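**Student:** A predicted structure for the sequence below; I have some questions about it.
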Amino acid sequence: LSIGHAKIIDRLMSINATTSFLKRSPRAFVMMWFQNKIAPYLPDGVRRQTAYKIFSRHNLVLTNVPGPDQSCWLAGRQVTGMQLFFPNVIPQVDLLTYAGMVHGNVVYQPSHWTHGNRIGPLYAKALVGLGQELGLAKIPAGLKEAAEKLGIADE
């Protein structure tokens, strides 16, 4: 995540530049190829050591999955929301857009990440700040309430 920016729009632009670069680089394709074609043939110890080295250098996994713009139907009923849930060995933030809404989950071990319950309100606060900075006329009341939930709306 991008740090060192006072304005949320600058932070967002920095994040966009970094993730756009990563999406254009061959790194993800090479890693996927290695994971699918080579890793299954490596000894268990080598796979465990590789996973340890990867995860010990990171403190959060953020997953953002764009879903359909319109509601879907399943078994004759409209699906009104979706959740993305992926447990991990390090804290995981999963975001999914679906039918004009953003759904999210935070997975973490409370004994290791003692302030994890603040992620939701802080994320809501950032979205409210972004909306205000972009001059949005209407910011959803539920989003404002979530930002104020733990009394951190003005931090």
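**Tutor:** Thanks, I have the structure now. Numbers count the residues shown, from 1 in each chain.

**Student:** count of neighbours near the residue nearest to Pro87 when sequence neighbours are not counted?
**Tutor:** What sits nearest to Pro87 in space, not counting adjacent residues and going by CB to CB, 6 or more residues apart in numbering, is Val107, at 5.4 Å. Heads up, the C-betas are built off the backbone N, CA and C, glycines and all. Counted with other CB atoms under 10 Å, the neighbours of Val107 add up to 16.

**Student:** At which residues are the strands of the chain located?
**Tutor:** 61-66, 73-74, 77-78, 92-98, 101-107 (DSSP state E).

**Student:** right, and the ones you listed - which one's nearest Tyr123?
**Tutor:** Tyr123 lies closest, by CB to CB, to one member of the strands of the chain: strand 101-107, at 7.2 Å.

**Student:** For the closest one, output the C-alpha coordinates as PDB.
**Tutor:** C-alpha atoms of strand 101-107 as PDB (Å, rounded to 0.1, in the frame of the first residue of the first chain):
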ATOM      1  CA  MET A 101     -21.700  -2.400  -4.300                       C
ATOM      2  CA  VAL A 102     -18.300  -3.200  -2.600                       C
ATOM      3  CA  HIS A 103     -18.300  -6.200  -0.300                       C
ATOM      4  CA  GLY A 104     -15.300  -7.000   1.800                       C
ATOM      5  CA  ASN A 105     -13.900  -9.300   4.500                       C
ATOM      6  CA  VAL A 106     -10.800  -9.000   6.700                       C
ATOM      7  CA  VAL A 107      -9.300 -12.300   7.800                       C
END
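
**Student:** from what I can see Asp69 touches Met101, true?
**Tutor:** No - look at Asp69 against Met101 with CB atoms under 8 Å: they stay out of range, at 10.6 Å.

**Student:** the more surrounded of those two?
**Tutor:** It is Met101, of Asp69 and Met101, that has more neighbours when counted by other CB under 10 Å, with 13 against 9.

**Student:** hey, what's that one bridged with?
**Tutor:** Residues in a beta bridge with Met101, per DSSP bridges, are Tyr98.

**Student:** Before I go, just wanted to say thanks for your time.
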